[in-house]
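Enquirer: Give me coordinates for this.
(one chain, ligands or ions: 2)
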Amino acid sequence: MRIDAAKVIVTCPGRNFVTVKIMTDQGVHGVGDATLNGRELSVASYLQDHLLPCLIGRDPRRIEDIWQYFYRGAYWRRGPVTMSAIAAIDMALWDIKAKMANMPLYDLLGGKSREGVMVYGHANGADIEQTIDEVGRYISLGYRAIRAQSGIPGLAAAYGVGRGKDYYEPADAALPTETVWDTAKYLNFVPKLFDKLRDRYGFEHHLLHDVHHRLRPIEAGRLGKMLEPYGLFWLEDATPAENQEAFRLIRQHTTIPLAVGEVFNTVWDCKDLIQNQLIDYIRTPVVRAGGITHLRRIADLAALYQVQTGFHGATDLSPVTMGTALHFDSWVPNFGIQEYMRHTPETDAVFPHAYHFADGYLHPGDAIGHGVDIDEAEAAKYPYKPAYLPVARLEDGTMFNW
Ligand SMILES: O=C(O)C(=O)C[C@H](O)[C@H](O)CO
Ligand SMILES: [Mg+2]
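Expert: Numbering: from 1, shown residues only. Ligands and ions are numbered 1, 2, ... in the order given. Sure, this is the predicted structure:
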């Protein structure tokens with residue numbers, strides 16, 4: 001069996017997606033996601049110019065060898081561009097292998113460990129009242145877990161608060177939008193939000209919150225302590241994680257569960273966090289961490305330390321990543337939760353998929369492979385459009401973390 005063609009498809013049905021399609025001499029094809037929000041064309045080029053020419057003629061069944069060939073063979077290791085590109089090829093190869101085995105991917109991975117994948121949705125509003133209403137709307141839609149983000153008094157824009165209700169998309173401008181951040185305003189405000197949410201809805205539903213890398217470790221410790229009475233499922237990206245030791249300081253001050261890792265690329269980014277039990281959930285998604293082949297290693301390491309998975313699933317993770325993640329989530333023993341932001345109908349039409357939402361859970365469906373394809377004619381209707389994530393500055397103009 002050999003790979004006889006492979007291509008990169010860039011499409012923008014409302015937002016940009018980079019997809020790899022690998023064709024084999026047996027007529028079976030596989031699809032992988034390589035989208036890196038705001039830096040899409042760099043991964044498209046890495047694939048098109050450097051990886052795909054080396055892929056043609058190889059045996060698609062040798063997934064491990066192909067992974068090692070691209071990881072070790074580049075000499076230059078890790079990083080979001082490299083690992084997203086490798087991930088796309090890896091996802092497509094697992095898709096092919098599962099199709100050849102005539103199995104849904106979860107069966108090939110070891111079979112289902114659960115009946116459904118609990119997901120959390122995003123409720124957000126311009127102020128506390130709107131956010132409370134939105135959480136209520138998600139509850140009425142059947143969600144068991146909801147992330148709550150709100151506009152902050154005194155700040156013009158806050159992370160996680162979009163314009164539309166269902167399709168939040170931060171990469172919204174051809175050049176980065178500038179936003180302003182103030183930590184004191186945020187810290188004074190967030191506990192009030194969760195106090196009111198618990199007051200209104202009680203403790204039956206899981207509530208989550210994303211700090212989006214905005215606090216220093218001691219500030220994160222303080223926020224965690226202030227939020228403890230509200231029993232959050234997790235506090236996400238409480239501080240930037242380049243220095244894994246930073247989480248030790250947070251842990252010393254609070255028992256709030258900590259989630260991190262949506263920007264990680266390999267097991268090396270979370271090795272110390274996991275081995276020192278400084279986190280509770282690892283969020284690195286299949287597209288960032290070199291595909292299933294490498295994500296399995298991260299999940300297995302995490303399992304040894306009772307760290308659970310909670311993969312990133314914002315709209316910049318394409319339906320191909322979502323479908324693949326759901327098969328992984330269905331199998332992985334140390335599953336925690338899966339983030340789920342719905343894609344637009346245009347995106348769903350470009351990526352026909354077998355997964356569906358019911359009663360607070362996503363289900364991968366029983367299609368063979370990972371169950372997601374790309375409709376190339378639909379994709380061709382939507383050419384690439386430059387779009388960047390915003391940047392953040394402090395009130396005095398200093399560059400900060402968005
Ligand atoms: O979904 C989340 O938790 C995010 O933090 C979303 C990110 O801002 C987004 O995916 C960046 O592209
Ligand atoms: Mg996040």
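Enquirer: Name the residues of the stretch 201-350 of the chain found near ligand 1, please.
Expert: With CB under 6 Å from any ligand atom as the criterion, the stretch 201-350 of the chain meets ligand 1 at residues 210, 212, 262, 312, 314, 316, 339. To be clear about C-beta, it is placed using only N, CA and C from the backbone, and glycine gets the same treatment.
Enquirer: pLDDT below threshold where in this structure?
Expert: 163-166 (pLDDT under 70).
Enquirer: And the residues of the stretch 201-350 of the chain next to ligand 1, which is closest to residue 384?
Expert: residue 316 (14.1 Å; CB to CB).
Enquirer: which residues does that closest one contact?
Expert: 15, 35, 37, 171 (CB atoms under 8 Å, 6 or more residues apart in numbering).
Enquirer: my guess is it is in a helix, correct?
Expert: No. Using DSSP: H, G, I helix; E, B strand; the rest coil, the assignment for residue 316 is coil, not a helix.
Enquirer: between the contacts of residue 316, which is nearest residue 300?
Expert: Distance to residue 300 across the contacts of residue 316 (CB to CB) is lowest for residue 35, with 25.7 Å.
Enquirer: how deep is the closest one tucked in, by neighbour count?
Expert: 23 (other CB atoms under 10 Å).
Enquirer: same thing with residue 349?
Expert: There are 14 residues near residue 349, going by other CB under 10 Å.
Enquirer: Buried residues in the helix or strand hosting it, which are they?
Expert: Applying DSSP states H and E as the criterion places residue 349 in helix 345-350. The neighbour-count check on helix 345-350 (16 or more other CB atoms under 10 Å) flags 346, 347, 350 as buried.
Enquirer: Please identify which of those is nearest to residue 146.
Expert: residue 347 (22.1 Å).
Enquirer: Out of the contacts of residue 316, name the two that are farthest from one another.
Expert: 35 and 171 (10.4 Å).
Enquirer: what residues are shared contacts of those two?
Expert: 16, 316.
Enquirer: For the stretch 101-250 of the chain, which segments count as helices?
Expert: Assigned by DSSP state H, counting those that start in this stretch, the stretch 101-250 of the chain shows helices spanning 105-109, 128-140, 183-201, 217-227, 246-253.
Enquirer: okay if I get those helices as TSV plus distance to residue 94 and mean neighbour count?
Expert: Compiled in TSV, these are given as follows (distance: least, CB to CB, whole Å; neighbours: other CB atoms under 10 Å):
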stretch	distance to residue 94	mean neighbour count
helix 105-109	6	21
helix 128-140	32	17
helix 183-201	39	16
helix 217-227	36	20
helix 246-253	31	18
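Enquirer: Generate TSV for the ones you listed, with distance to residue 97 as supplementary columns.
Expert: Converted to TSV, the helices of the stretch 101-250 of the chain look like this (distance: least, CB to CB, whole Å):
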stretch	distance to residue 97
helix 105-109	6
helix 128-140	36
helix 183-201	44
helix 217-227	41
helix 246-253	36
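Enquirer: quick one on the thing from earlier: from the residues of the stretch 201-350 of the chain next to ligand 1, which land in strands?
Expert: 210, 339 (DSSP state E).
Enquirer: By neighbour count, which of the residues of the stretch 201-350 of the chain next to ligand 1 wins?
Expert: In terms of neighbours by other CB under 10 Å, those top out with residue 339 at 25 neighbours.
Enquirer: Just to check, that one is in contact with residue 309?
Expert: No. Residue 339 is beyond contact range of residue 309, at 10.7 Å (criterion: CB atoms under 8 Å).
Enquirer: and for these two, which residues touch both?
Expert: residue 283.
Enquirer: Quick one: neighbours of the residue in the stretch 51-200 of the chain that ligand 1 sits nearest to, just the number.
Expert: Nearest residue of the stretch 51-200 of the chain to ligand 1 (CB to the nearest ligand atom) works out as residue 170 at 5.6 Å. Using other CB under 10 Å, residue 170 has 24 other residues around it.
Enquirer: give the contact list for it.
Expert: Contact partners of residue 170, counting by CB under 8 Å, 6+ apart, are 159, 162, 389, 390.
Enquirer: 7 Å instead?
Expert: 389, 390 (CB atoms under 7 Å, 6 or more residues apart in numbering).
Enquirer: where's it relative to residue 83, distance?
Expert: Counting by CB to CB, to the nearest Å, the gap from residue 170 to residue 83 is 21 Å.
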